[in-house]
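Q: any chance you can model this:
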Amino acid sequence: MIRAILVTHGTLGKSLYEAAESVLGPQEGASVLSNSGLSLEQIQSKVRELLTNEPTLIMVDLCGGSPFMACCSLGKIQGDTAIVSGVNLPMLLSYFTKREKLSLAELSRTVENDAVRGIQTRQPA
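A: Residues are numbered from 1 along each chain as shown. All right, here's what the predicted structure looks like:
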């Protein structure tokens, strides 16, 4: 199974995780880390502690934000790890439902596409 680490601003990651569990039921294999009160180095240290030798998808909320910068600056990451930004509920649901069917590379592309497909605009005719 491909593991996940959600690294977000404030309580966003925890809220998304709880929302995903309300849809799918209890989930395992994912960790949530908030950047609140942490420096880039502290975020990196906590992410390193969460990494294992298992393939891991790191999902961050904002491209260019401190979680993204910290994760991209980890240097050589142990094992197979991919980072995707823009985590939202469709992305997280896609991860939980497809993580055992796809490779890490396929999963990272799929969750990105599913996150974008979850954004739609409806305007009155």
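Q: helix, strand or coil for the residue nearest the centre of the chain?
A: By CA atoms, centre = their mean, the chain has its centre lying nearest to residue 59, at 1.9 Å. Secondary structure, DSSP: H, G, I helix; E, B strand; the rest coil: residue 59 is strand.
Q: OK, contacts around it?
A: 4, 5, 6, 7, 83, 84, 85, 87, 91, 92, 95, 111 (CB atoms under 8 Å, 6 or more residues apart in numbering). Every residue, glycine included, has its C-beta placed from N, CA and C.
Q: mind listing the residues bridging to it?
A: Beta-bridge partners recorded for residue 59 (DSSP bridges): residue 6, residue 84.
Q: and it, how far from residue 72?
A: 13 Å (CB to CB, to the nearest Å).
Q: in which helix or strand does residue 31 reside?
A: Applying DSSP states H and E as the criterion places residue 31 in strand 30-34.
Q: only alpha carbons, please: show that strand as CSV.
A: Extracted in CSV, the C-alpha atoms of strand 30-34 (Å, rounded to 0.1, in the frame of the first residue of the first chain):
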residue,chain,number,x,y,z
ALA,A,30,-2.0,8.3,6.2
SER,A,31,-0.5,10.9,8.5
VAL,A,32,-1.4,14.5,8.9
LEU,A,33,1.1,17.2,9.8
SER,A,34,0.3,20.9,10.4
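Q: okay, buried residues for that strand please.
A: 30, 31, 32, 33, 34 (16 or more other CB atoms under 10 Å).
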